[in-house]
Each structure stands twice: as structure tokens, then as C-alpha cells.
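**Q** sequence plus the predicted model coming up.
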Amino acid sequence: MNNINIKTFKKTLGKFTTGVTVVCVKKNEKIYGKTVNSFNSLSLKPPLVLFSLGNYSSSINTYLKSKYLTINILSKKQKKISNHFSKKNPLSKNISFFEGDNNTCLINDCVANLECKLIDKIKKGDHIIFICEVINVHNNDKLKPLSYYNSKYY
Ligand SMILES: Cc1cc2nc3c(=O)[nH]c(=O)nc-3n(C[C@H](O)[C@H](O)[C@H](O)COP(=O)(O)O)c2cc1C
């Protein structure tokens, strides 16, 4: 066994294969998006999901104050979108969105989209866990998901 430090911790977490999502919020008609792979299911009844964001993020306050948000599960063809939304303050004008029921924006051509209501936030360490109730879902059964492992896309 190796002692834990940031380098070995990050390397070990990278051994866990995840999907890739972009979490979007809309504020004053501006769309914010962030690439997130800490997404997971939490509860079936009620339908809850979670993800975490670093409290150092440039747009953390916008996410903390949002009432509704969308979680967009990327397809294999959307690597560019993942890279785009992992930049600081990415623009959303070249991204194709469709509208949700609660003045939300969902990314087109994803394997799945979830429209959620933010119901709780828990601060732990240098991250904040966002707990969301899922209101609407959209699935695209023909597309394959984008995966992330060892800092690489598959
Ligand atoms: C595949 C991938 C997954 C990521 N997952 C998360 C995550 O779960 N939580 C998080 O806070 N940042 C995550 N990031 C980093 C953010 O996308 C973004 O780079 C970071 O928040 C810095 O930008 P900001 O300061 O504008 O927020 C991920 C990046 C990549 C490429």
C-alpha cells in the first residue's frame, strides 16, 4: 500500500471508469455548463441524483443559487463538448440546446438528459455535494455513452 497524497489519490480515483455529464444552469438568459463525472444515482423513491462541484469553481455561486438544472449525459461523439465545458467560463453560443419545462436548457444529441430541481447542498472538504430531484428525463437509445478512465476518454 502507498501513503495517500494528492497525486496518488487522484491517480487511484482515475482508475474508476465513469460516464461524462455536463451540468447546465440558466441565469439571466445566460447558460452555464460544467463537465462533471461525479454524477451518480442516489434514490429511486423519490428519484434523486447527486454530483459534486469544487468550492473553488469560478461559477460555484451560480450553481449554488440555482433552483432548476439539467444533467446531460454525453455520447461518444461529444468529446469536444466535454473539453469545451471543462474550460473556465466557456461560452454556450455554439452548443445546440433544447428547452425544458422549467426555463432550463438541455444539450441536444446526448445519450440521456435529466431535468432536475436542486433540493439540497452539502459542503464536505473542498467540494459541495448537490442533491437533485429528477423531474423529467429524455433518452436516446441509439447513442453510445462517452466514458472517462485514467484521464482519457473512451
Ligand atoms: C471528465 C471531467 C470530469 C470532471 N468532473 C468534475 C466534477 O465532478 N466536479 C468538478 O467540480 N469539476 C469537474 N471537472 C472539472 C470542471 O469541468 C472544470 O474544469 C473546473 O470546474 C474548472 O473550471 P471552473 O473554475 O470554471 O469551474 C471535470 C473535468 C473533466 C474533464
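**A** Thanks, I have it.
**Q** chain neighbours aside, what residue packs nearest to K117?
**A** E133 (4.8 Å; CB to CB, 6 or more residues apart in numbering). Using the backbone N, CA and C atoms, a C-beta is placed for each residue, glycine as well.
**Q** ok, for L106, nearest residue in space, not its chain neighbours?
**A** N113 (4.2 Å).
**Q** can you check I129 too?
**A** Residue nearest to I129 in three dimensions, not counting chain neighbours: I122, with 4.3 Å by CB to CB, 6+ apart.
**Q** other residues contacting the longest helix belonging to the chain?
**A** Scanning the chain for the helix with the most residues, using DSSP state H, yields helix 6-13. Helix 6-13 is contacted from outside by N2, using CB atoms under 8 Å, 6 or more residues apart in numbering.
**Q** from the contact counts, what lies against the next helix or strand after it?
**A** Using DSSP states H and E, the helix or strand that directly follows helix 6-13 along the chain is strand 18-19. Under the contact definition 3 or more CB pairs under 8 Å, 6 or more residues apart in numbering; DSSP states H and E, strand 18-19 sits against strand 147-149.
**Q** note down every partner strand of the strand it packs on and its orientation.
**A** strand 18-19 (antiparallel), strand 152-153 (antiparallel) (DSSP bridges).
**Q** up against the ligand, what does this structure have?
**A** Neighbours of the ligand within the chain, by CB under 6 Å from any ligand atom: 20, 34-38, 51-54, 57-59, 82, 86, 88, 148.
**Q** could you identify the buried members of the residues you listed?
**A** Using 16 or more other CB atoms under 10 Å as the burial test, these include 20, 34-38, 51-53, 59, 82, 148 as buried.
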